[in-house]
Structure formats: structure tokens, C-alpha cells
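> Just to be clear, the model below is a prediction. Sequence and coordinates:
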Amino acid sequence: MKKPVIALILLAVLFIFTSCQEERNSKDYKIRPVSFTKVDLTDNFWKSRLETNNRVTIPFAFEQCEETGRLKNFRVAGGLEEGGFSSRYPFDDSDVFKIMEGAAYSLQEFPDDSLDAYLDTLISWIAAAQEKDGYLYTYRTILGEEADTGWVGTQRWEKVNHHSHELYNLGHMYEAAVAHYNATGRRNFLDIAIKSADLVYQDFGKGKIEKYPGHQEIEIGLVRLYRTTGDERYLELARFFLDTRQGGDSYNQAHESVTQQREAVGHSVRACYMYAGMADVASMTGDLAYIQAIDSIWNDVVSGKLYITGGIGSVGSHEGFGEPYDLPNATAYCETCAGIANVLWNHRMFLLTGDSKYIDILERSLYNNVLSGVALEGNLFFYPNRLESHGKDSRSEWFACACCPSNISRFIPSVQGYIYAEDDRNIYVNLYVSSLADIELKNAKVKLIQKSLMPWEGESLFEIEPDKPATFTLRFRVPGWATGEVIPSDLYTTLNGFENQPDIFVNGEKEDFLMDKGYAVIERQWQAGDKVEVFLPMEVLFITAHEKVPEDTGKVAIQRGPLVYCAEWTDQADSSVMNLEIDPSTAISTDFNPDLLGGLVMLQGSGNKDFTMIPYYAWAHRGPGEMAVWIKSGK
């Protein structure tokens, strides 16, 4: 064959491949997050938490997985070691996968040859544990016919829509495998995931096994596999698992078709994973019924089922949602995993709509509920996150059900992926965190340098460095707390007036900006060296709950910036919080203490006695005692 002919064939193949890639990429969110791999943190608040997660949390979590038998299960299932099923729950495989996902993320921020090699060792154990046809579930592989214990039945997938967690485990594996592939470029883990997903596709679907997962998660993992491989079967399967979800009960959101659901019910982690999966599938298919459902459910949560800390799930008995306005404080569940799931869901809602109200909820959950779930030292954890304590609450090293520590270990190293987003001509600044981002727009490559004093002060400076003069739009989120709005509903409102407004300066000149969906919009031709200063008011907000929330009647909560505050026993002269009363008209002073709990702004004032408050995320580091977010109003 002559060279020109070969060249034409190669060009044709390249054109077809490129077209397929463009078609595949077009079937996704129109707004795209700027990947955490393109964002370097330069702040003290979040960067230190990533470093702690890498240095302490991930190694500690792997140690716990070895000590509790979670890793041994893979070696036993793979014939590398003798023994039985060594841990407690059939879903313990998922903890290993989540930690591996976090380790893969962390490798991209903190390259580590020993951690990289260790992951390859774990992958070899997982490969050994995978059965020849792709099935991977150490509980059944080890126990064989004795696996009929109530969690699973005598056959594969028999109780998949109840308690087996067979598909739940796989969803977390798929996410971890994609993360590892992206971090290393190696396919050893990805190929295991593909082999597994191919089996699931072979076994499940219309005319095959028509069952839904008892615990949602595989839907998210399948979409990530689809994005990575382009295999349409994985997207089809994710949609099947959602569409077949009916005929069950509300605990795992199977009481009616997902497109008919309008209220948040049942187990809150399961719920938010499902809502996130629905958003993923809707972004690829344009299914308006999915979008209408999750929009209504979101309004239901924000209108009556959301804690001031961004926590969700008020009922411990089923780890989930209660009735509207049923928001007890001392018995609040607010599971750490649910807080993370809430972030995942709200981020996707933003990517669908471009509306900042979803980032407002994301930020609230992130800075309060989620951060409370892990100690500053990185090796102690909360499962539930109470809003009131009488001295019996403290973080634990580990849990028999260890979903929260493993979830924290994978979530923290991905935080910088929530700061920015883009859609070819717009750059969205969602979180104010000192960072350096490389953002590729349709008409320019932009280096964006942010220097922010958040979460302690509201000043942020942006240096814009496009590779050439280019016209595009910067959208700076104006958080609700910077305008006196607590959340986008009447569930919580401010008692005090709000005097100041956000200001923006471009190259030293005050900018008159338009507002669109909660963003200050500035469109112009940008050149290297342009600077934007954003000033957000950081007023102390006194907040009251809706009159239908009986727990908070006659009480106030206090917030400054994105941080909800609490009163803790050790900061009060009489070591008591429950006798504290605060008049919402009282003056509050702020004081940054660099030596307290990693450095933080304390609030001080005088009610029926002098008091000090600290950010909620920082409580329970100085011994057991009283703590409260909602304080009796002295009016």
C-alpha cells in the first residue's frame, strides 16, 4: 500500500476517533469542574488538611484495614493466605477501595514511590480475589455455600437489593480504579474494574436480573467508568439500576420510581448517592424527569430537613431523614458520610444549572459537618455529628462500620476540585481558597492565582494570566452569608440587619457588576497582569430557625462567613454552656488565635455571662464536656 493512501487512512481513523471523543465529551455536564489535578493549594487552612490526610489519615486507615482483617479478606479470597472471613461486614471491601481512591488522589499532590508501590501490592491481592468471570466479593468467595447468613443468599446477587452490598462495593471499586488510572496511567486496577463491570452488565438488565442495588453507589462508579472508557454499556447499566428502582421501601428510596420521588426519605447516604447518580445520568441523557425529581427533592431538604451545619439525616435508627422540621440537636445524626454525599450531590446540581445556591449548601456542609467528622490530628473520627453535647461525645479511632473514616480519607484530597469550574467561556469561582489553577477555555489558557484570607476574612485577590489577550467571563460567587441570607429557604433567617455589601475592584477601579444566579459577572478582554479584588462582608450573623422547628424555639445560632460557631465548655469561665443566654443585639468581638486548634477566629461577647465561641468543626479536641450550636436567646 502506498504511503499517501496509508496517510489518508490514518487521517480518517484519527478523524473518526476525534469525533467520537467530542461526541462522548459533549454528553456530560456543560459546566465542568476544574480538576483538582489542575489546582494547587497555597493556603494554610485546606493545604494543611491535605497534608495531614496524606501523612496521617491514609496510612492510619490502611493500618486499621490490616488490623481488622479487611485486607486479609482479599488475600484469603485469592488463595494467598489461609483463613476465614476476618472482618465484620460484607461491605468491608468498600473501605479498602475508598482509602485506595484517596491514596490515588493524594499521589497526585504528594508523589510517593512507596505509597505507589503499596497500591500495586493491594491491587495484586484484589486481582487474586477476583473470580475468573469477574465476580469480586470476598465475603461470598471465602464463605462459599456458608455465605447464606442473612446478608446474602445461596446464589450470587440473590439479596443484592437488600443487604448484600455486592454492587455497592463494586461502585467504590470502580471509582478507586479510575482514580488510580488517572494518577498513574497504569491499567492494572482499571482492568479489574472493567472485567467486573462487564460481568455485571452480562448479569443485570431488562430480561436478565432485574434488581436494584440495596445501597446506591454503583451508579456513580459506572458513570465514571463510562467517562474513562467510552463504553456506552456502563452508562446504560447505571440508568437501568436507577429505572428499576421501585417496588421496595423508603429506607433505600425504592418505594416508587425515582422519577416520581419528590421528598427526601430513608437512609441519607443511600439517598444522596442516588441523587448524585441521577444527576450524572441526566447530564449524559438530558432526561428532564430525573432533573425535575432531584430538584424537588433538593427543595424538600433545604426547606425543612437541613441542619444549620449543612448536616442531613436527623434520625439515628435508620441513619436518615425524618419529617420536615424534625431537627433535634443532642440526638442529631448528621453522619459524616451523609455530609460528604450532600457535597457530591450539590456539586452536581451546580454543574447542571450554574446556580450558586447549590454551592452555598456545599460550602456549608463542607466547612462544618464534614470537617467536624475528622480531628485536626487526622486519626480520630465522628460518625454522627451532634449539634449539642452533654459531655458524652468524643471522636473515635475507628468503627466496626468504618464507612466514615474511609470516606474522609478519599474526600479530603479532592477538595480543590470544588473551587473552580468552567464552560469554555466562563470561569466560575465557587470557593475562596488561596490556590493556583490552570484553566483551559475555548479561546485561551488561563493561569488563575487566588490569594484569599478565607475562611477568616472576606478579602480575596485574583491575578489573571491568560496566555494571550482574550475575552471571557469571570463569575465570582457571592455567598448567601455575604448578603444576609442563611440558606435559599425560610428554614433559617438572620435576626440582625446586614449593612455591608460585596465590592469588586478590577485593576484598582471599583467595578459595577451584574448578578446572575448568585454570581458577580465580569466580562471583558483579559490580559496578563490583570487583577481582581473581591471583598465579601464577614459580619457575625445571629440566626433563628423556622417556628416549626421545636428544638430551636427561643434559641439563636451564630455564623461568621461560611463557619457556624458553637460554645464549648472549656472556653467558658464556669465550664458550662447549657446555662448560657445570648441577646442577638449584643456586640460580638473577633479575635484570631494562631495557637488555638490550628489557628482560628474566636467570637467573644457578653450575655447573661461572658462567653467565647469557636468554629463548630473544631469542637471536641480538648476533652469531653458541654457544647451547643443553638443557644438560648436572652431577648
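Received it, and whenever you're ready, just let me know what you need. Numbers count the residues shown, from 1 in each chain.
> Quickly note the distance from residue 282 to residue 353.
Distance from residue 282 to residue 353, counting by Cβ to Cβ, to the nearest Å: 11 Å. Where you see a C-beta, it was placed from the backbone N, CA and C, and this is true even at glycine.
> Between those two, tell me which one has more neighbours.
Counted by other Cβ atoms under 10 Å, residue 282 and residue 353 do not tie: residue 282 has more neighbours, with 22 against 17.
> Give me the phi and psi angles of that one.
phi -60, psi -40 (degrees, to the nearest 10).
> State the paired neighbours of the strand or helix carrying residue 558 in the sheet, together with their directions.
Applying DSSP states H and E as the criterion places residue 558 in strand 555-560. As defined by DSSP bridges, the strand partners of strand 555-560 come to strand 540-545 (antiparallel), strand 563-568 (antiparallel), strand 631-633 (antiparallel).
> Arrange those strands in JSON lines, one row each, with mean pLDDT as further columns.
As requested, the strands paired with strand 555-560 are exported to JSON lines (pLDDT from 0 to 100):
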{"stretch": "strand 540-545", "mean pLDDT": "97"}
{"stretch": "strand 563-568", "mean pLDDT": "98"}
{"stretch": "strand 631-633", "mean pLDDT": "97"}
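> Kindly compare burial across those strands and name the winner.
Among these, strand 563-568 has the highest mean neighbour count (mean count of other Cβ atoms under 10 Å), at a mean of 26.
> what's the closest of the strands paired with strand 555-560 to residue 40?
Residue 40 sits nearest to strand 563-568 of all those, at 23.9 Å, using Cβ to Cβ.
> Run through who's touching that closest one.
308-309, 364, 367-368, 387, 455, 557-559, 577, 580, 601, 603, 611-617, 619-620, 622, 625-629, 631 (Cβ atoms under 8 Å, 6 or more residues apart in numbering).
> Looking at these, which are in strands?
557-559, 601, 603, 611-615, 626-628, 631 (DSSP state E).
> ok, and the most crowded of those?
residue 613 (28 neighbours).
> Do I have it right that it meets residue 558?
Yes: the pair residue 613 / residue 558 is scored as a contact, 6.2 Å apart, by Cβ atoms under 8 Å.
> so what sits against both of those two?
With Cβ under 8 Å, 6+ apart, residue 613 and residue 558 have common neighbours 565, 603.
> correct me, but residue 587 touches residue 605?
Yes: if you go by Cβ under 8 Å, residue 587 and residue 605 touch, sitting 6.4 Å apart.
> out of these two, which sits in the busier spot?
residue 605 (16 against 9).
> Let me see the ranges of the helices in the stretch 201-350 of the chain.
218-229, 232-243, 268-285, 288-304, 336-353 (DSSP state H, counting those that start in this stretch).
> which secondary structure elements does the first one contact?
On a contact count with 3 or more Cβ pairs under 8 Å, 6 or more residues apart in numbering; DSSP states H and E, helix 218-229 meets helix 166-184, helix 188-203, helix 232-243, helix 268-285.
> Now do the buried residues in the last one.
This points to helix 268-285. Neighbour-count burial for helix 268-285, counted by 16 or more other Cβ atoms under 10 Å, picks out 268-284.
> by contact count, what packs against the helix or strand encompassing residue 461?
Assigned by DSSP H and E, residue 461 belongs to strand 459-466. Applying 3+ Cβ pairs under 8 Å, 6+ apart, one finds that strand 459-466 makes contact with strand 445-452, strand 470-477, strand 530-535.
> Adjacent strands (with direction) for that strand?
strand 445-452 (antiparallel), strand 530-535 (antiparallel).
> could those strands go into JSON lines alongside mean pLDDT?
Output for those, formatted as JSON lines (pLDDT from 0 to 100):
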{"stretch": "strand 445-452", "mean pLDDT": "98"}
{"stretch": "strand 530-535", "mean pLDDT": "98"}
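> In JSON lines, list these along with distance to residue 182 and mean neighbour count.
JSON lines is the format used below for the strands paired with strand 459-466 (distance: least, Cβ to Cβ, whole Å; neighbours: other Cβ atoms under 10 Å):
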{"stretch": "strand 445-452", "distance to residue 182": "20", "mean neighbour count": "19"}
{"stretch": "strand 530-535", "distance to residue 182": "31", "mean neighbour count": "18"}
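> per-domain residue ranges of this structure.
Here the domain parsing of the chain from automatic domain parsing is 422-477+502-535, 540-633.
> surely residue 455 meets residue 367?
Yes: shown here, residue 455 and residue 367 form a contact pair, counting by Cβ under 8 Å, at 6.3 Å.
> who touches both of the two?
Jointly contacting residue 455 and residue 367 under the rule Cβ under 8 Å, 6+ apart are 562-563.
> Skip ahead from the helix or strand of the chain with the lowest mean pLDDT and say which helix or strand is next.
Taking mean pLDDT, DSSP states H and E as the measure, helix 3-26 is the helix or strand of the chain with the lowest mean score, a mean of 37. With elements assigned by DSSP H and E, the helix or strand that comes after helix 3-26 is strand 32-33.
> Just give the strands next to that following strand in its sheet, each with its orientation.
Here, using DSSP bridges, strand 32-33 pairs with strand 420-422 (antiparallel).
> Go through the partner strand and flag the buried ones.
Buried residues in strand 420-422, defined by neighbour count with 16+ other Cβ under 10 Å: 420-422.
> Closest to residue 505 out of those?
Using Cβ to Cβ, the buried residues of strand 420-422 come closest to residue 505 at residue 420, 20.3 Å.
> hang on, isn't the closest one packed against residue 438?
No: assessed by Cβ under 8 Å, residue 420 is found out of contact with residue 438, at 10.0 Å.
> where in this structure is pLDDT low?
For the chain, residues meeting the criterion pLDDT under 70 lie at 1-26, 635.
> hmm, back to that, so for residue 61, which of the helices and strands packed on strand 459-466 sits nearest?
strand 445-452 (29.9 Å).
> related to what we said a few turns ago, I'd like the strands paired with strand 555-560 as JSON lines, with distance to residue 451 appended.
Output for those, formatted as JSON lines (distance: least, Cβ to Cβ, whole Å):
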{"stretch": "strand 540-545", "distance to residue 451": "24"}
{"stretch": "strand 563-568", "distance to residue 451": "20"}
{"stretch": "strand 631-633", "distance to residue 451": "35"}
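> hmm, back to that, now do the shared contacts for residue 420 and residue 438.
Common contacts of residue 420 and residue 438, defined by Cβ under 8 Å, 6+ apart, comprise 39, 448.
> Tell me the bridge partners for residue 426.
Counting by DSSP bridges, the residues bridging with residue 426 are residue 473.
> List the residues that contact residue 575.
By Cβ under 8 Å, 6+ apart, the contact set of residue 575 is 569, 625-626.
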